[in-house]
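Enquirer: need a structure here:
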Amino acid sequence: MRLRGKSPEVLSKKDPISPECLAACLYFMCLPFTVVTTPFGSLLKVVTLPIMAFLVLRILMGKSELTFHYVHFCYLIYIIYTISMLFVFHDSKAVTTTKDMVLGTLMFLLITVRIYTNREREWIESAWLIVGLICIYACLSSTEVVSKSESRAVVRILGFEEDQNQFCAYLIMPTLISVKRFLERRRGYPVYLVIIALSFYSILKTGSRGGLLGILLGLFAYAAIGIKSVKTRLILFASAAVLTLMIVTVVVPLLPEDVAARYTIQAVEEDGGSGRTEIWRFLIDYSFQEPGRLLRGSGIFSTYGIMKSAGFQNGVAHNAFIQILNDEGMIGLLLFIISIVSCLIRNIKREPLYACAYLSMLGFAISLTFYVFKPNLNIMMMCAMSFYGSLPQDRLHDTTKGASLYA
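Expert: Numbering: from 1, shown residues only. Down below sits the predicted model:
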């Protein structure tokens, strides 16, 4: 559904950047500061609340043309079901997590219901590149390691330590956007190749196998479905081969021995994915023990009590799908998967880079929980964004000679 319908046009480079676009850019650029805490909560949340108030005001003033589509609908249904899970289990962590998910959903809607111009899209993607530069600097400037026996880099943002896997997820969009702009031979395009190389070095330095898998999944997907030109694909594969050769011959030898060893198949088999496979088997078996539990779940983050009772030191599944299966059952898992599929279907042809970014995020789902995971929400925002010229009604507009269409 589209409100305030009018003939859509792709605006030129001289068109102004809207205040809503600037607000969205600011929000995305603050992504790495999720881990930074203040007396009022995380720094990202401190920034989010005034941005939300501003966007609501702009909508009430009628300053934005709005559009609603099935990605909004599917994700809202999932969030509503998640809220209903508080009737099943409602300890303080479940309540806090659900509140944060609702807050994130409001931001998701406020940013994505507006229709943006192509120039604004460029600004938003540039904001993501700034995210990448912040992350690269934070990692490359780090001299701290996990421990004397484990040489994985500790990444700190403004002095606050970030989880290595979550840190790598911040690099999904910057890496893919850099690939796109490099292939398009934008002005200064060699710089984008440098950003890609430094992003991979940062990931390798953290020792995050899930991070490396997720980024590679997104790149392969982009090569397969995001690039139509055979010549461009050949350029991408040639560039990838050169980059891979550089990483293997130059970068990997520079890594500490124990970090480099983490990326071998033998290491994964020996440590069981850092003990995750044992957790996955336990939680899957626990969910299947009772039909009711399997259907509706045990409640948001009920895993903490369940796993503690079973003798585990950890309290989460380290897998988005298994976490949701345990907490929200098959119903919640199905709704979550539907919201993912809606993002992919909407973008696989019109905005393949964003669809590939979400496929990359699914690589991270193997080792992370997604409830309040900001990279997941922010990439979903990109999938839900609407741009003049790529809306269904825009593609039909030329054949209907300006007829008013609603989708």
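Enquirer: Give me the contacts around the helix or strand hosting residue 246.
Expert: Using DSSP states H and E, residue 246 falls within helix 230-246. Defining contact as CB atoms under 8 Å, 6 or more residues apart in numbering, one finds that helix 230-246 is touched by 179, 182-183, 193, 196-197, 200, 219, 223, 227. Any C-beta I mention is one placed from the backbone N, CA and C, and that applies to glycine too.
Enquirer: Emit the PyMOL select command for whichever of those residues are buried.
Expert: To isolate the buried ones among those in PyMOL, judged by 16 or more other CB atoms under 10 Å, type:
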select buried, resi 179+182+183+193+196+197+200+219+223+227
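Enquirer: can the contacts of helix 230-246 go into CSV with extra columns for distance to residue 308?
Expert: As requested, those are exported to CSV (distance: CB to CB, whole Å):
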residue, distance to residue 308
179, 43
182, 48
183, 49
193, 47
196, 42
197, 43
200, 37
219, 39
223, 44
227, 48
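Enquirer: Just the CA atoms of the helix holding residue 246, as CSV, please.
Expert: The C-alpha atoms that make up helix 230-246 are tabulated as CSV, following Å, rounded to 0.1, in the frame of the first residue of the first chain:
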residue,chain,number,x,y,z
VAL,A,230,29.6,-12.2,-17.9
LYS,A,231,32.5,-9.8,-18.3
THR,A,232,31.9,-8.3,-14.9
ARG,A,233,31.7,-11.7,-13.3
LEU,A,234,35.1,-12.6,-14.8
ILE,A,235,36.6,-9.4,-13.4
LEU,A,236,35.1,-10.2,-10.0
PHE,A,237,36.4,-13.8,-10.0
ALA,A,238,39.9,-12.6,-11.2
SER,A,239,40.0,-10.0,-8.5
ALA,A,240,38.9,-12.6,-6.0
ALA,A,241,41.6,-14.9,-7.1
VAL,A,242,44.2,-12.2,-6.7
LEU,A,243,42.9,-11.2,-3.3
THR,A,244,42.8,-14.9,-2.2
LEU,A,245,46.4,-15.3,-3.3
MET,A,246,47.4,-12.2,-1.3
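Enquirer: Give the buried residues for it.
Expert: Going by neighbour count (16+ other CB under 10 Å), the buried part of helix 230-246 is 236, 240, 243.
Enquirer: So residue 143, which state does it fall into?
Expert: When classified by DSSP: H, G, I helix; E, B strand; the rest coil, residue 143 comes out as coil.
Enquirer: That one - how many residues pack around it?
Expert: For residue 143, the count of nearby residues is 7 (other CB atoms under 10 Å).
Enquirer: Phi and psi next, for it.
Expert: With angles defined as degrees, to the nearest 10, residue 143 sits at phi -120, psi 0.
Enquirer: do residue 162 as well
Expert: For residue 162, the backbone dihedrals (degrees, to the nearest 10) come out as phi -110, psi 140.
Enquirer: Bridged to it, which residues?
Expert: With DSSP bridges as the criterion, residue 162 is bridged to residue 155.
Enquirer: Go ahead and confirm it touches residue 35.
Expert: Yes. In this structure, residue 162 is within contact of residue 35 by CB atoms under 8 Å, at 4.7 Å.
Enquirer: The chain: strands as residue ranges?
Expert: 37-38, 41-42, 115-116, 155-157, 160-162, 386-387 (DSSP state E).
Enquirer: With adjacent residues omitted, what lies nearest to residue 130?
Expert: Closest residue to residue 130 apart from its sequence neighbours, by CB to CB, 6 or more residues apart in numbering: residue 29 at 5.2 Å.
Enquirer: Give me the distance between the one you found and residue 128.
Expert: The gap separating residue 29 from residue 128 is 8 Å, by CB to CB, to the nearest Å.
Enquirer: Give me the more crowded residue out of the two.
Expert: Neighbour totals were compared for residue 29 and residue 128, and residue 128 leads with 25 against 17 (other CB under 10 Å).
Enquirer: Now for the spatially closest residue to the more buried one that is not a sequence neighbour, how many residues are close by?
Expert: Of all residues not flanking residue 128 in the chain, residue 173 sits nearest, at 4.2 Å (CB to CB, 6+ apart). Residues lying near residue 173 (other CB under 10 Å) number 28.
Enquirer: Hmm, residue 379 and residue 173 touching each other?
Expert: Yes. In this structure, residue 173 is within contact of residue 379 by CB under 8 Å, at 6.5 Å.
Enquirer: Include distance to residue 68 when you put the buried residues of helix 230-246 into a markdown table, please.
Expert: Formatted as a markdown table, the buried residues of helix 230-246 follow (distance: CB to CB, whole Å):
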| residue | distance to residue 68 |
| --- | --- |
| 236 | 35 |
| 240 | 39 |
| 243 | 41 |
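Enquirer: need these in CSV with pLDDT, can you?
Expert: Below are these laid out as CSV (pLDDT from 0 to 100):
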residue, pLDDT
236, 74
240, 73
243, 72
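Enquirer: Of those, which is the nearest to residue 22?
Expert: residue 236 (32.3 Å; CB to CB).
Enquirer: before we move on, the earlier item: and the buried residues of helix 230-246, which is closest to residue 118?
Expert: Nearest to residue 118 among the buried residues of helix 230-246, with distances taken as CB to CB, is residue 236, at 23.0 Å.
Enquirer: ok, now how distant is that closest one from residue 244?
Expert: According to CB to CB, residue 236 and residue 244 sit 12 Å apart.
Enquirer: can you check residue 206 too?
Expert: Residue 206 is 19 Å from residue 244, where distance means CB to CB.
Enquirer: do residue 17 as well
Expert: Distance from residue 17 to residue 244, by CB to CB: 38 Å.
Enquirer: Please list all residues in contact with residue 375.
Expert: With CB under 8 Å, 6+ apart, residue 375 has these contacts: 31, 166, 169-170, 172, 361, 364.
Enquirer: What about those, which one has the most neighbours?
Expert: residue 172 (31 neighbours).
Enquirer: And the pLDDT at the residue nearest to residue 128?
Expert: On the pLDDT scale, residue 173 is placed at 97.
Enquirer: what do you get for residue 11?
Expert: Reported pLDDT for residue 11: 44.
Enquirer: what do you get for residue 392?
Expert: Predicted confidence (pLDDT) for residue 392: 60.
Enquirer: Please apply the same query to the one 3 residues further on.
Expert: Taken from the predicted model, the pLDDT recorded for residue 395 is 51.
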